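Asker: would you be able to build a 3D model of this:
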Amino acid sequence: MQITNLISGIISIIQFQYKLTLDTNSFNYSRFITHLRILLVRLLRNHPNPNQKLDPSLLSFMKIKYNKAYDTAERIATYLHSKMGWTLDSDDKFYLVLHIFRVTSRQEK
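Answerer: Numbering: from 1, shown residues only. Model (predicted):
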């Protein structure tokens, strides 16, 4: 239930930031929800990030290239910190930016 509520909050942040309703039937939406569930379960269980550390310049590139998605990911990180006390590392933010961009890119008008 807790994860479902957090996902709902994250979806609300994205829809507010992009002023759109996400297509819940799209492949990118399904991938995004899967990514969120994996991330949130890992954080809830306090497991370390199993991924290798990405080159920090990749996140810097994402911030420049996909600024709106990056800003939205930062808002989501703030939301998760305020609700659960979690801090997202740069790898988590990188993948979050990527998925936010994918889930919103074909829906923006």
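
Asker: in the lowest-mean-pLDDT helix or strand in the chain, what's buried?
Answerer: Least confident helix or strand of the chain, by mean pLDDT, DSSP states H and E, is helix 56-65 with a mean of 85. For helix 56-65, burial by neighbour count (16 or more other C-beta atoms under 10 Å) applies to 59, 62, 63. Quick note: C-beta positions are derived from backbone N, CA and C, even for glycine.

Asker: let me see the ranges of the helices in the protein.
Answerer: Here the chain has its helices, by DSSP state H, at 2-18, 27-44, 56-65, 67-84, 90-105.

Asker: show me the contact partners of the last one.
Answerer: Here helix 90-105 makes contact (C-beta atoms under 8 Å, 6 or more residues apart in numbering) with 14, 18, 20, 22, 26, 28-29, 31-32, 35-36, 39, 49, 51, 53-54, 56, 58-59, 62-63, 66, 69-70, 72-74, 76-77, 88.

Asker: report the buried members of those.
Answerer: Buried residues within the contacts of helix 90-105, defined by neighbour count using 16+ other C-beta under 10 Å: 14, 18, 22, 28-29, 32, 35-36, 39, 59, 62-63, 66, 69-70, 72-73, 76-77, 88.

Asker: can you tell me the centre-most residue of this protein?
Answerer: Nearest residue to the geometric centre of the chain (C-alpha atoms, centre = their mean): residue 96, 3.3 Å.

Asker: could you check the pLDDT of that residue?
Answerer: pLDDT for residue 96: 95.

Asker: one more: residue 7?
Answerer: Note on residue 7: pLDDT of 98.

Asker: which residue is the nearest non-sequential neighbour of it?
Answerer: Take residue 7 and drop its neighbours on the chain: the residue closest to it by C-beta to C-beta, 6 or more residues apart in numbering is residue 36, 5.4 Å away.

Asker: next, count neighbours for the residue lying closest to residue 2 once chain neighbours are set aside.
Answerer: Among residues not flanking residue 2 along the chain, residue 44 sits closest, at 7.2 Å (C-beta to C-beta, 6+ apart). By other C-beta atoms under 10 Å, 13 other residues sit near residue 44.
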